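1. My questions are about this predicted structure, shown below with the sequence.
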Amino acid sequence: MSNLLKIATCFAFFVVLCESCTSPQITSTSFTTQDATIVSNIAYISDFTLKCASGEPSALYAEINSNIVPVSIIGQNQYQVSWTEDTKTASSGNRLVRIFDEETYGAARKALRAGEDLSGVASFADVVINHPGAYNGPWLKSELLATLVSLVVTYFAISFKLKVTA
């Protein structure tokens, strides 16, 4: 009888541990590179906190540019997803990052194997990253502006000297 009680206790313990997350609530903060004058890639980083009404989330995955990548755990109920894009192809505006748990990840992998679009797969939760755009420097570089000013000053100096000597 005691063995049966031990087995039932272990089973109840595993059922509680394996209970999936219901009603996920996500609070996110995002960061992007905004100065592209000395870098060649724009970094996108989203830190988010996930709270469940009941249960615990399993491993999380994110869809980024039609690719699925794992989400990093950075603390208790805190996660992070990040990637980079070339400065020439990075566009400004809101970027939707779809988050998948183990169940929805399986459906997403199945869709990818079948060659289907991931937009038909329901996500576990969504995170929005706003990229306002990156500063690529002034239209005229300071070296060019200094050269142009020196040429204009030289022209006026030579033309003034020719008028004075004439």
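-> Nice, I can see it.
2. Please work out which residues outside the strand ranked longest in the chain touch it.
-> Determined from DSSP state E, the single longest strand within the chain is strand 41-51. With C-beta atoms under 8 Å, 6 or more residues apart in numbering as the contact definition, strand 41-51 has outside contacts at 21, 24-33, 36, 57, 60, 74, 77-87, 90, 95, 97, 125, 127, 129, 131, 134. Backbone N, C-alpha and C define where each C-beta goes, glycine included.
3. And that strand, what's buried?
-> Neighbour counts over strand 41-51 (16 or more other C-beta atoms under 10 Å) mark Ile42, Tyr44, Ser46, Asp47, Phe48, Leu50 as buried.
4. Could you do stretch 54-72 as well?
-> Pro57, Leu60, Tyr61, Ala62, Glu63, Ile64, Val71.
5. That stretch: how far from the chain's middle?
-> Its chain's average C-alpha position is 13 Å from that of stretch 54-72, according to C-alpha atoms, centre = their mean, to the nearest Å.
6. ok, the helix or strand encompassing Gln80: who's next to it in the sheet?
-> According to DSSP states H and E, Gln80 maps onto strand 78-86. Next to strand 78-86 in the sheet, as set by DSSP bridges, lie strand 41-51 (antiparallel), strand 72-75 (antiparallel).
7. For this structure, which segments count as helices?
-> Taking DSSP state H as the criterion, the chain carries its helices at 2-17, 102-113, 142-165.
8. most centrally placed residue in the chain?
-> With distances taken as C-alpha atoms, centre = their mean, the residue of the chain nearest its centroid is Tyr44 (3.6 Å).
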